[in-house]
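Engineer: Predicted coordinates and the sequence they were generated for:
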Amino acid sequence: MAMIILDYFLLNEPQWATAGFVLLFYVLSALAGRGLGRSLVEGSAFGFLILAASANLSLFIFRPLGIPTAFFGFSVIIFTAVIVWILRRVVFPKAAEKESFDQFYAAVVAVMVLILWAGNILHPFPDAGFSSHHGWIPPYMETSFEAGHFLLIDEMGFGTGLMTSFYYVTDLMGMVALGMWLGAAKAYPVFNAGSILGAMLAFSVLMRALKHNRLALLAFFVMSLVMFRYDLFFRVMLGGNLSDVIMYLSGALVLYYLVRGPGFMTALLGATAASIFLVFSRHYGAFLSGVVMITCFATAWFHGRKRDLKPWFILGFLLVAFSLREIYYIVTQPTPYYPGTWNLGRTSFSFSDLFLGALTDWGILTGSKLNSLNIDWKNIYLIGLLGLAATQGKKIWRQHRRFLVYLAPLLVLVAPLVLQMVTGYRTSPSHNKSYIFGALFFAWYPCYLFGFIVPVKYWSERIATHKSALAFVAVLLVVPLGYSLGDKLQASRIIEQGPGQYLQWAFHKDIVDREIAERLLEAKGQEITDRPVMYFYYEPGITLRHYLGGEFFKDFDFWSDPVLEQSESSATLYELLARFGYPNLYLSIGGKSRYVEFLADSRRKYAEEIKNIERMPWVERIIEYKNARFVVVKKPDSK
């Protein structure tokens, strides 16, 4: 049984390749952190951000200039060295003091690392239904390295449109390119490795912030497990390889420096420096970083003993330099599908939506409605704040700087709120992706406050004198936690099927694109692989070629400019398809009305055909799985 578990969680492919790149990226990140003069955990987390930024900057230069991919890694090394050199002199002029090895902290981190590995590696294969990045980044990088240069939109069959909005995505894009340059055979294990390592480093650095208080550290560990179980946003962002790694890792480092920075100025400069990498995850990360920078600068100016503008000017210069690509795209508007633009253009929220949404984002409400005020895992920190006021109120009154120390972590929630207030941007009434910046806040902050409410000495004495009682309570806690975990893992399947079959099921859960591809190959074979596909959506959708085979970048996008241009002179949908060589159609999400409601311009005339597509005489067959429908189109010469 042990070997079966080891095979599925480590030795099988692509798990083994993924583990190799987790280790490789960790070593490279640790080397960059060493250059900053920071401790191993803190330095590795910061080093990962620098490495990812350097790889993305290199991509920005290589792609438009057509520089061969063979030189990519050397560019990453140069950028990494320059950024490390600047930050070492501006933010971290003094090396971190050496610390003794803490066995308890190391043990808790090791267990969390194993949990994160197990949770993430359950997605060993790409699934665009989980994240569209799975479907775009791997084939883009594999095709680019085969071509010897990074592909431009003009070299793709898609043309400018919805699909090629991913052309502007970054986050782990540069890291995957670095992995390919280092010799990866396939790109997805590299992507997965970057996502897994980012989560491991985020948790590790926040655990280090609580290292001085073992009970608070243990509380954070337990709180994280509970939120993995009961909070979907937390589980998806941190327990699955969804991407946005730079966003939440930067947020974790901002939290860390605000509460554990070595000295007042280093804490503020460190938090600001960590935030300037946000723009490499999402373009509005530049705005979030600006809020962090202004807040930290104002705090340093009004509460610090030394007013030195030089480091702030340099960090501001780096933020602008990192954001130049986004500034250019926002000014020139290369496509209406530029990330975020499409969302703002087709959705609008009332003041009530924005207000109630913000209360939900902060955990005050639990369902974007006034009657959804409940005690929830996300608002436990509010109880912690009340406890802090009750126990530390007098100290806060006498020493106002304590107020800053206690409330500083709220900055990771304030920054997205300011973004919404200024731009009106949010993802939906019920959630807002800009809060990925503070993804770990709700699990970590109550535990941080807990350390102030009940002093370390108090708990140390109680633990020493009541070990038996605490052990009994721990056993009682194991029962509900074990039941919860068993329910999550569907423990009944293990009993009924045995560990081997259960792991086979767990590692091959439904992937819509894979199921569609398998049904197509069974029905049509190589013929279906060789024909192009016209996509109507991407999530799921664009991992189809990973399982079906064929050339992804010779497919078509229904929402693209080339299709729009041809639709103006095509009276019917079938006539339009004829102009593209009769591609098959992939309607991968929801009912047919989901597509019809977005039809505009000259494509609106196809609404009835799409609504009644199963009745069209030019449809040979339809392959269905869940909500996805793959339409095999008849060619004129087919019988």
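Structural biologist: Received it, and whenever you're ready, just let me know what you need. Numbers count the residues shown, from 1 in each chain.

Engineer: contacts and neighbour counts: CA atoms only from here.
Structural biologist: Will do.

Engineer: who's in contact with the strand or helix carrying A271?
Structural biologist: Per DSSP states H and E, A271 falls inside helix 264-275. Residues outside helix 264-275 that contact it (C-alpha atoms under 8 Å, 6 or more residues apart in numbering) are 46, 49, 87, 91-92, 250-251, 253-261, 288-289, 292-293, 296-297, 300, 304, 311-312, 315.

Engineer: what does stretch 296-304 give?
Structural biologist: F264, M265, L268, L269, A271, T272, R307, W312.

Engineer: For that stretch, buried residues please.
Structural biologist: Across stretch 296-304, burial judged by 16 or more other C-alpha atoms under 10 Å covers C296, F297, A300.

Engineer: Please settle this for me: is S100 part of a strand?
Structural biologist: No - using DSSP: H, G, I helix; E, B strand; the rest coil, the assignment for S100 is coil, not a strand.

Engineer: how deep is it tucked in, by neighbour count?
Structural biologist: 6 (other C-alpha atoms under 10 Å).

Engineer: Could you report the pLDDT at it?
Structural biologist: With respect to pLDDT, S100 scores 81.

Engineer: What separation do you get for it and G37?
Structural biologist: 16 Å (C-alpha to C-alpha, to the nearest Å).

Engineer: still on that earlier bit, return the item of the contacts of stretch 296-304 having minimum pLDDT.
Structural biologist: R307 (80).

Engineer: what's the spacing between that residue and L319?
Structural biologist: 21 Å.

Engineer: the strands in the stretch 401-550 of the chain, which residues?
Structural biologist: 533-535 (DSSP state E, counting those that start in this stretch).

Engineer: where does it have low pLDDT?
Structural biologist: Along the stretch 401-550 of the chain, the model assigns pLDDT under 70 to residues 401, 455-500, 502, 505.

Engineer: repeat for the stretch 1-150 of the chain
Structural biologist: Checking the stretch 1-150 of the chain against pLDDT under 70 turns up 1.

Engineer: Which helix runs longest in the chain?
Structural biologist: helix 40-65 (DSSP state H).

Engineer: how about the helix or strand following that helix: buried residues?
Structural biologist: Going down the chain from helix 40-65, the next helix or strand is helix 72-90, by DSSP H and E. Buried residues in helix 72-90, counted by 16+ other C-alpha under 10 Å: 72-73, 75-76, 79-81, 83-84, 86-88, 90.

Engineer: Could you pull up the residues touching P14?
Structural biologist: Neighbouring residues of P14 by C-alpha under 8 Å, 6+ apart: P124, F125, P189.

Engineer: any idea how far it lies from F21?
Structural biologist: P14 is 11 Å from F21, by C-alpha to C-alpha.

Engineer: anything in contact with each of these two?
Structural biologist: By C-alpha under 8 Å, 6+ apart, the residues touching both P14 and F21 are P189.

Engineer: Go ahead and confirm I542 touches H133.
Structural biologist: No - with contact defined as C-alpha atoms under 8 Å, I542 does not count as touching H133 (9.2 Å).

Engineer: For the stretch 101-250 of the chain, just list every one of the helices.
Structural biologist: 103-121, 132-147, 173-181, 188-209, 214-230, 232-238, 245-260 (DSSP state H, counting those that start in this stretch).

Engineer: closest to I383 out of the ones you listed?
Structural biologist: helix 214-230 (14.6 Å; C-alpha to C-alpha).

Engineer: okay, the closest one in CSV with CA atoms only?
Structural biologist: What follows is helix 214-230, C-alpha atoms only, in CSV (Å, rounded to 0.1, in the frame of the first residue of the first chain):
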residue,chain,number,x,y,z
ARG,A,214,3.9,28.3,19.2
LEU,A,215,0.3,28.3,20.1
ALA,A,216,-0.5,31.0,17.6
LEU,A,217,1.6,29.1,15.0
LEU,A,218,-0.4,25.9,15.8
ALA,A,219,-3.7,27.8,15.6
PHE,A,220,-2.7,29.1,12.1
PHE,A,221,-2.0,25.6,11.0
VAL,A,222,-5.4,24.3,12.3
MET,A,223,-7.2,27.4,11.0
SER,A,224,-5.7,26.8,7.5
LEU,A,225,-6.9,23.2,7.5
VAL,A,226,-10.4,24.3,8.5
MET,A,227,-10.5,26.9,5.8
PHE,A,228,-9.3,24.4,3.2
ARG,A,229,-12.3,22.3,4.1
TYR,A,230,-15.0,25.0,4.4
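
Engineer: Tell me what angle it forms with helix 188-209.
Structural biologist: 140 degrees (axes from the mean of the first three to the mean of the last three C-alpha atoms, to 10 degrees).

Engineer: so how many other residues sit close to D231?
Structural biologist: Residues near D231, counting by other C-alpha under 10 Å: 15.

Engineer: Quote the end-to-end distance of stretch 155-162.
Structural biologist: Across its full length, stretch 155-162 reaches 16 Å between end residues, using C-alpha to C-alpha.

Engineer: thinking again about what came up before, farthest-separated two in the contacts of stretch 296-304?
Structural biologist: A271 and R307 (17.4 Å).

Engineer: Look at those two and report which has more neighbours.
Structural biologist: A271 (27 against 12).

Engineer: Look up how far L587 lies from that one.
Structural biologist: Counting by C-alpha to C-alpha, the gap from A271 to L587 is 44 Å.

Engineer: What of S195?
Structural biologist: Counting by C-alpha to C-alpha, the gap from S195 to L587 is 29 Å.

Engineer: go on, Y168?
Structural biologist: Distance check for Y168 against L587: by C-alpha to C-alpha, it reads 24 Å.

Engineer: which one of the two has more residues nearby?
Structural biologist: L587 (24 against 16).

Engineer: beta partners for the more buried one?
Structural biologist: R629 (DSSP bridges).

Engineer: and it, what is it in contact with?
Structural biologist: So L587 contacts Y535, F536, Y537, G541, A628, R629, F630, V631 (C-alpha under 8 Å, 6+ apart).
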